[in-house]
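Novice: show me the folded form of this:
(one chain, ligands or ions: 1)
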Amino acid sequence: MAQTFQKNFKAIVSLLILIIGSLIAQSSASGTTFNNDRIVIWVFDIGQGDAIFIDAPDKQVLIDGGPDGQILEKLSAVMPFWDHSIDLIINTHPHSDHVTGLVKVLERYDVAEVWDSGQEYGSDVFEYYQALKAGRENGVQAGKKVDLGLGAELEVMWPTFDLIDQRLPNVHNGNVVTLFTFGNTNMLITGDFEDENELQILEDLPHIDVLKVGHHGSLTSTSIELLNTITPNYALISVGEGNDYGHPHPIIVDRLKRIGALILRTDKDGDIRVLLDGGEPQVELFDL
Ligand SMILES: [Zn+2]
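Specialist: This is a model prediction of the structure:
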């Protein structure tokens, strides 16, 4: 009896070691991190659109979901298989290249909270998103913050005015902009924020280590004034290969080069991971 128990016990321990070993191997291949002393920010390669995932010890935050369901594959590549919840979803604005993937995520994941500007927009996909988020929504304005753990936080920088139930001729004017801070490291997450609004938040912005370039590198964003203020070290452009808009615009790419930023683009470089452990940000490329 005792021998059988010992045998079974050994077999179970060996099996557990095997499972844990394969999980670790899988996680390092996919770029997942189980550590509680670092923060990972993904700028996913999801075609023409935006999808940024912040994986921090206290919170997982998804900012926009891209133009289709690809986001589900990306999330399952970087999240542990048992994790079906996301603490916070932020929709920068109602355009389909930002909100469509969020609909898929709201259908599949337990999402605790949803932030957006509260603005109205007439599309079917945005109306479906509004129905799905019901009961969890927050029309946010500048100053709203969330603690991510390790002293890191995410703060809303725009809009600076109430947009709940408002319809704007240009929805980009109500685009939710967030500033991520962790120790000395700052990342500005812009969605499709445009240059005339950039000028209005300049004096509230610190030096930015990592810039998620506005509006997929369009000429309507990333003013010289913004770049001179934030002097980004890295410029990450979320953009689809061969897109119809000519994004990123060569003038913007040139502007970013002149300021000395290292440019990485999802269409050419794939999925971009920013790893933060309190020191300099480590930016690496993956093909999830
Ligand atoms: Zn867009």
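Novice: interface residues of the stretch 1-150 of the chain facing the ion?
Specialist: D97 (C-beta under 5 Å from the ion). In this view, the C-beta of every residue, glycine as well, is placed from N, C-alpha and C.
Novice: what ranges in the stretch 1-150 of the chain fall below the confidence cut-off?
Specialist: 1-7, 9, 11-35 (pLDDT under 70).
Novice: give me phi/psi at the one residue in the stretch 1-150 of the chain that gets nearest to the ion?
Specialist: Residue nearest to the ion within the stretch 1-150 of the chain: D97 (4.3 Å; C-beta to the ion). Per-residue torsions, D97: phi -70, psi 0 (degrees, to the nearest 10).
Novice: tell me which element the residue lying closest to it once chain neighbours are set aside is part of?
Specialist: Of all residues not flanking D97 in the chain, G49 sits nearest, at 3.5 Å (C-beta to C-beta, 6 or more residues apart in numbering). Using DSSP states H and E, G49 is not contained in any helix or strand.
Novice: isn't G49 right up against I63?
Specialist: No. Using C-beta atoms under 8 Å, G49 is not in contact with I63; the gap is 11.6 Å.
Novice: tell me which residue lies nearest the centroid of the chain.
Specialist: Centroid-nearest residue in the chain, with C-alpha atoms, centre = their mean: I52, separated by 1.6 Å.
Novice: please name the bridge partners of that one.
Specialist: V43, I63 (DSSP bridges).
Novice: now do it against V40, distance only.
Specialist: 11 Å (C-beta to C-beta, to the nearest Å).
Novice: what's the spacing between L219 and I251?
Specialist: 6 Å.
Novice: more crowded one of those two?
Specialist: L219 (15 against 11; other C-beta atoms under 10 Å).
Novice: excluding its backbone neighbours, what's nearest the more buried one?
Specialist: Counting by C-beta to C-beta, 6+ apart, the residue nearest L219 is H249, at 4.3 Å.
Novice: who's in contact with the one you found?
Specialist: 217-219 (C-beta atoms under 8 Å, 6 or more residues apart in numbering).
Novice: helix or strand for L264, which one?
Specialist: Here L264 is assigned to strand 262-265, by DSSP H and E.
Novice: helix/strand/coil for the closest residue to the ion within the stretch 101-250 of the chain?
Specialist: Of all residues in the stretch 101-250 of the chain, D192 sits closest to the ion, at 4.4 Å by C-beta to the ion. Three-state call for D192 (DSSP: H, G, I helix; E, B strand; the rest coil): coil.
Novice: thanks a lot, see you next time.
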